[in-house]
Every structure is written in C-alpha cells, then in structure tokens.
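**Student:** Predicted model and sequence below, questions to follow.
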Amino acid sequence: MADTEMAATGMAATERAEPGVGVVPEAGGTVDLQPDVERIHRAIMREPRDPTEGREAPPWFFVAAVALALFWGGWYLGRFGGTFDTATHVFMDDRQPVIAAAAARQATAAVTNPVAAGKNVYAKHCVGCHQETGLGLAGAFPPVKNSPWVTGPSETLVRILLHGLQGPIEVGGTPYNGAMPAWKDVLKDEEIAAVATYLRQWAPNAAPAVPVDQVAALRTAHADRTGAWTAVELQGAEGSAPPAVTAGTPSTTRRPGQAGPTRVGPAADGPQNPGAAGPRTTEGTTSGRAP
C-alpha cells in the first residue's frame, strides 16, 4: 500500500516538473505534445550555428599583391603607353635613319656582289618552294637549275620575278601547273637583279648577270600589269621593246628553249654552300637546245 502511494506521488511530481511526461491519454482524451517536441529539439538548439563560408577576410599578403599589381600596371602604361596621340603610332621614330642606312647598305651590296646578295634573297624568299638544291619539288615546283626559263633571255626571268607566273609550264620535259607569286612589291630592283643573277649563275647554270637597269626598265614598262604572266605571254613578249641594259653587258634575246652562254671560271655556289663568289664573267654562246 505504501509502495503504491509512493509511485503515485513520484508520478505526480514528475508530471509537475515536466508536464505530459508519463501521462497516458484516456479514451477520447487529448494530450498536449508540445513539451515533448521542445524536449526532443533541445539538444539540437544547444549546437552552435554552422559557419558561413565566403565572408572571411582575405589574407593581408593577397591584398598587398593586388595593390602592387595595380601600381605596377599603372606605371607600365604610363612609361610605355605613349602619349595617347598620333605620335604613339610612330614607334621608335628615332631608329628610322638607322633602318634606312641598313637598307642602303643592302642595296649597295646587291650591286657590288649580286651573287652573294642573290643567295641571301633566295634563302629568304625562294628556298621554301625551289628547295636548297634548286631542283624544286617534282610535280609541284619547277627547278631553277637546268631551266631554260632561267638561263634563257634575262628579261623573261625578270618578268617572272616581278609579276609572277601562273598556268601550265614545261621544264626539262616535266609539266607543271601552279602559281608563283609576284615580288615587285616586296623586292627592290637591286634585289631582283641580284637573285636573277644568282639563279642564272648557279652551277650548272652559266648565263650572264642581270643589270639593275634592266629590272627598272621592265618594272616601268609593265607598271600597269596586275596579273601574273603565262608561258604563252612570256614567249610572245620576248624580243619586243628590248629593255635598256648596262653598257658592256651582253644582251640576251634567245628563247627559253636555248641554253645560256658557256661559263668561264668557277661555278656559283648554291645556298647550301656558305661561300658565294661575285658575279661571273662569261663569253661565247652555245646553240644547242636545252633538254
């Protein structure tokens, strides 16, 4: 009896301390469960909040690096950005006299030693197609060695160099059908004369040198021409309006099918040989047909 009273007293005390604990609803009765929900979530409410990412202060060295980069960028633009006027487009204007002097020396070298100057022009502009050997690529680019279009009339080669060549052409019995670009807007008269002389005297070629006056005369004579030459046009232009030549230089009026004059002296070195001699002197001609 005493135990029963103590149990009832303890349950009543528990109910007073935590309402709803140990209370079993009677049939048709209701129990307020709000205290139970609060008790269950009480442990969760005691946990600290999760940290919020992305709002941390950046480290000081990062801020310093950004400030230094901005400072350096402003200094660089102020130092090398020009004055933000038309003078900006005349970069390194003080070097123009130096460049002009170098170009003048190159033009002088092309006149005094055309073979050496022509070798340099060939290595810079021509070797990609006609190769270091001068034999070209079969079916694509014709050779410049043993080519009647090179060793024939000098004006033919000059016309090709000035305005280019397109359409079918036959060299050494092999047909080619491609296009060669024009060099009149890239190379000066001295450079065209030099590379033409180099090609015409590159062994086994043995044709006379090409004077600068001849290049200048042909450039003027065909100043209105905009398209490349064809083989038929070149053959038809031979012998018409002979260009001026330097005194003492033999004139060439043979057709491309004829070989050049006999060489006297050593052969001209190809671009693969570093030693390039000056222009060769030639005398006499051969009348045999080129292969």
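**Tutor:** Perfect, I can see it now. Residues are numbered from 1 along each chain as shown.
**Student:** Poorly predicted segments of the protein, please.
**Tutor:** 1-35, 82-94, 110-111, 239-291 (pLDDT under 70).
**Student:** What ranges does it have for its helices?
**Tutor:** Counting by DSSP state H, the chain has helices at residues 2-17, 34-45, 60-80, 96-112, 114-121, 127-130, 148-151, 154-163, 189-200, 212-221, 231-237.
**Student:** which one of these lies closest to Ala179?
**Tutor:** helix 127-130 (10.4 Å; Cβ to Cβ). Every residue, glycine included, has its C-beta placed from N, CA and C.
**Student:** can you pull the buried residues of that closest one?
**Tutor:** By 16 or more other Cβ atoms under 10 Å, the buried positions in helix 127-130 come out as His130.
**Student:** So Leu137 is in contact with Pro143, correct?
**Tutor:** No: the pair Leu137 / Pro143 is not scored as a contact, 9.1 Å apart, by Cβ atoms under 8 Å.
**Student:** Among the two, which residue is more densely surrounded?
**Tutor:** Neighbour count, other Cβ atoms under 10 Å: between Leu137 and Pro143, Pro143 has more, with 20 against 13.
**Student:** give me the number of residues near Gln218?
**Tutor:** Heads up, residue 218 is Leu, not Gln. 25.
**Student:** Out of the helices of the chain, flag the one nearest Trp183.
**Tutor:** helix 154-163 (5.4 Å).
**Student:** List of residues touching the closest one?
**Tutor:** 149-150, 180, 182-184, 187, 192-193, 195-196, 199-200, 207-208, 210, 214-215, 218-219, 222, 225, 227-229, 234, 237-238, 242-243, 252, 256 (Cβ atoms under 8 Å, 6 or more residues apart in numbering).
**Student:** Go again with 6 Å.
**Tutor:** By Cβ atoms under 6 Å, 6 or more residues apart in numbering, the surrounding residues in contact with helix 154-163 are 150, 182-184, 192, 196, 210, 215, 218, 225, 228-229, 234, 243, 252.
**Student:** Next: stretch 42-62.
**Tutor:** Under the contact criterion Cβ under 6 Å, 6+ apart, stretch 42-62 has no outside partners.
**Student:** What are the buried residues along that stretch?
**Tutor:** Buried residues in stretch 42-62 (16+ other Cβ under 10 Å): none.
**Student:** what's the span of it, first residue to last?
**Tutor:** Taking Cα to Cα, to the nearest Å, stretch 42-62 runs 43 Å from one end to the other.
**Student:** Without its sequence neighbours, what residue ends up closest to Thr230?
**Tutor:** In this structure, Thr230 finds its nearest non-sequential neighbour in Gly167, 4.5 Å apart by Cβ to Cβ, 6 or more residues apart in numbering.
**Student:** how deep is the one you found tucked in, by neighbour count?
**Tutor:** Number of residues near Gly167 (other Cβ under 10 Å) recorded here: 14.
**Student:** got it, and the one 10 residues further on?
**Tutor:** Neighbours of Asn177 under the rule other Cβ under 10 Å: 11.
**Student:** what separates the closest residue to it other than its chain neighbours from Glu155, distance-wise?
**Tutor:** Of all residues not flanking Asn177 in the chain, Pro168 sits nearest, at 4.6 Å (Cβ to Cβ, 6+ apart). Taking Cβ to Cβ, to the nearest Å as the measure, Pro168 falls 21 Å from Glu155.
**Student:** same check, this time on Leu135
**Tutor:** 24 Å.
**Student:** If anything else comes up later, I'll come back, but that's it for now.
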